[in-house]
Structures are given as structure tokens and as C-alpha cells.
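> build me a model:
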Amino acid sequence: MSIFLETSPMLDHMFRACTTDQIAEFAPEKRGIRIHGHSTTIRLEAAFWTVLDEMAQTQNMSLPQLIESIHDHCLVVNDKNLASCQRVICLKYINVYAG
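Now for the predicted structure:
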């Protein structure tokens with residue numbers, strides 16, 4: 001028995017649209033941040049760091065200030081995974097404010 005998975009036209013388009021330069025957006029990047037005086041390392045794909053940088057600039061905040069704010073507000077629901085919270089915030093920002 002074989003399983004055949006048909007990709008959607010939207011995904012086909014997105015996969016064909018990726019150039020070797022754009023592949024770097026998918027590479028994880030670690031950054032050291034201080035949150036309330038404690039050092040931590042956060043690993044996110046480069047595309048998410050780009051969105052976070054834009055969000056910080058829009059809010060007239062530094063990136064560490066933005067991350068600290070995300071930490072303080074989002075970890076109420078997800079108390080262990082700051083990177084996950086940041087990804088969700090980035091997606092919400094893109095869907096509501098970017099454009």
C-alpha cells in the first residue's frame with residue numbers, strides 16, 4: 001500500500017518561489033538576551049527575528065525590551081517556551097498589523 005500526498009497549489013507556489021538566498025530565512029539563529037537581569041539564549045528562525053525587529057522599531061522599543069514584554073505577557077499561558085510565544089506573536093503581528 002502506498003500513500004500519495006498531493007501538495008496544494010499554494011504550497012507548490014511557495015516552494016518554487018524560494019531561492020537559495022531565501023533559504024537563510026529558515027535557518028535558526030541564536031541570540032543572547034537579558035530578561036529582568038537574567039541571561040538567556042533564544043533560538044528562532046531568521047524570518048522571526050526580522051519580524052521581531054520590525055515590531056520593536058514600530059513600538060519604539062529595543063529588541064530586548066520587546067522580548068521582555070512578550071515574556072511577561074505570554075508566558076502566563078505557556079510557562080516554558082518563550083520561543084514558541086514569540087513565533088505566535090510574530091504571526092499575529094503579520095496577520096493584524098503588517099501590510
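> helices of the protein, residue ranges please.
9-17, 20-23, 46-58, 63-74, 82-96 (DSSP state H).
> of those, which is nearest Ile35?
With CB to CB, the closest approach to Ile35 among the helices of the chain belongs to helix 63-74: 5.1 Å. Backbone N, C-alpha and C define where each C-beta goes, glycine included.
> residues touching that closest one, excluding its own?
By CB atoms under 8 Å, 6 or more residues apart in numbering, the residues outside helix 63-74 that reach it are 33-36, 42, 52-53, 55-56, 59, 61, 82, 85-86, 88-89.
> from the residues you listed, which single one is nearest Leu11?
Taking those together and measuring to Leu11 by CB to CB, the closest member is Val88, at 21.3 Å.
> on that earlier part again, PyMOL command for the buried members of the contacts of helix 63-74?
The buried residues among those can be selected in PyMOL (16 or more other CB atoms under 10 Å) with this line:
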select buried, resi 33+35+42+52+55+56+82+85+86+89
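> CSV for the helices of the chain, including mean pLDDT and distance to Glu29?
Compiled in CSV, these are given as follows (pLDDT from 0 to 100; distance: least, CB to CB, whole Å):
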stretch, mean pLDDT, distance to Glu29
helix 9-17, 71, 21
helix 20-23, 73, 13
helix 46-58, 95, 5
helix 63-74, 92, 13
helix 82-96, 93, 11
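> check the gap between Met61 and Phe26 for me.
26 Å (CB to CB, to the nearest Å).
> then stretch 82-99 to PDB, C-alphas only?
Taking Å, rounded to 0.1, in the frame of the first residue of the first chain, the C-alpha atoms of stretch 82-99 are listed here in PDB:
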ATOM      1  CA  LEU A  82       9.500  31.700  25.100                       C
ATOM      2  CA  ALA A  83      10.500  31.000  21.500                       C
ATOM      3  CA  SER A  84       7.000  29.500  20.900                       C
ATOM      4  CA  CYS A  85       5.300  32.600  22.300                       C
ATOM      5  CA  GLN A  86       7.500  34.800  20.100                       C
ATOM      6  CA  ARG A  87       6.600  32.800  17.000                       C
ATOM      7  CA  VAL A  88       2.800  33.200  17.800                       C
ATOM      8  CA  ILE A  89       3.200  36.900  18.500                       C
ATOM      9  CA  CYS A  90       5.000  37.300  15.100                       C
ATOM     10  CA  LEU A  91       2.200  35.500  13.300                       C
ATOM     11  CA  LYS A  92      -0.400  37.600  15.000                       C
ATOM     12  CA  TYR A  93       1.500  40.800  14.100                       C
ATOM     13  CA  ILE A  94       1.800  39.800  10.500                       C
ATOM     14  CA  ASN A  95      -1.900  38.900  10.300                       C
ATOM     15  CA  VAL A  96      -3.200  42.100  12.000                       C
ATOM     16  CA  TYR A  97      -0.700  44.900  11.600                       C
ATOM     17  CA  ALA A  98       1.800  44.200   8.800                       C
ATOM     18  CA  GLY A  99       0.800  45.200   5.300                       C
END
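> having no further points to raise, I will conclude here.
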